[in-house]
Structures are given as C-alpha cells and as structure tokens.
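Student: Attaching a predicted model along with its sequence, questions to come.
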Amino acid sequence: MAVARKVACILTGLAIALCPAASARAATAGNDYPTLAVADYVFGCMKANGETPEALRECSCSIDVLASLLPYERYEQASTFLSMVQRAGEGSDLFRSTPAAHAAIQDLRRAQAEADIRCFKGAS
C-alpha cells in the first residue's frame, strides 16, 4: 500500500511538471477534486493505457476534463455506484435499478467519453 501511495505521489508530481498549463487551468476552473482522487485516477488510467509518458499526459488531461465537466461529489457518487453495480449478488441489483444510480453513472460515462475525445490520440 505504501508503494502505491509513493507511486501515486510521483505520478501526480510528474503530471504537474509535464502539464503545468493544464494544472493551472484545473486549479482556476474551480476543480474541487482532492489530490488523492486525481492521483488515483491517473494511476489507474495509466495501468489501463500503458505506463508511458504519453499515457501520463493523456490520463492527466482526462482527469482535468472530467473535473471541468463533473463536480467531485457527482464523480464520487458515480464511482461508488459503479463499484457496487460490478459486485455480484442481490445487493448490487438495488444499485442497478435505481434512477439515481443510473443517472450518476450516465453522467460519468458522458464525461469520460468527452475526455477520451479531447485527450487520447487514438480516440479522435
């Protein structure tokens, strides 16, 4: 766990160093995402997209776009609903069928699609 935190801190530092303009825009655009949430997103995104400098730039861009489109509270709700939906069992059915869960997940998916279009070279 400590290693993952160190890696997340390093990735966040690299993202700030490599993308100062994007970081400044996010800070001034009312970005209320906690640093830990940003680092966690970038770390997971890089795992899924290759751990390259290009992936770091694209993933950093992606979380900035998400933050510009979705308030952190809504992002957190959608992420929680998604993790509950992916679990097996009767309890997850409750999250699949509620309008609130469906709406939050759809908001997140729309924001992620926009981030993919804006940030990932292969998506455009």
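Tutor: It's in.
Student: Provide a list of residues in contact with residue 34.
Tutor: Taking C-beta atoms under 8 Å, 6 or more residues apart in numbering, we find residue 34 in contact with residue 72. For glycine as for every other residue, the C-beta is placed from the backbone atoms N, C-alpha and C.
Student: Per-residue pLDDT of it, please?
Tutor: At residue 34, the pLDDT value in this model is 96.
Student: Number of residues surrounding residue 118?
Tutor: Residue 118 has 15 neighbours, counted by other C-beta atoms under 10 Å.
Student: what do you get for residue 54?
Tutor: The tally of other residues near residue 54 (other C-beta under 10 Å) stands at 11.
Student: What pLDDT does the model give it?
Tutor: Looking at residue 54, its pLDDT stands at 95.
Student: Spell out which residues sit in contact with it, please.
Tutor: For residue 54, the set of contacting residues under the criterion of C-beta under 8 Å, 6+ apart consists of residue 121.
Student: Does it lie in a helix or a strand, and which?
Tutor: Using DSSP states H and E, the secondary-structure element containing residue 54 is helix 53-69.
Student: Could you pull out the buried residues of that helix?
Tutor: Residues of helix 53-69 classed as buried by neighbour count (16 or more other C-beta atoms under 10 Å): 55-69.
Student: Residue 46 - nearest residue in space that isn't next to it in sequence?
Tutor: Ranked by C-beta to C-beta, 6 or more residues apart in numbering and with sequence neighbours excluded, the top spatial neighbour of residue 46 is residue 55, at 4.9 Å.
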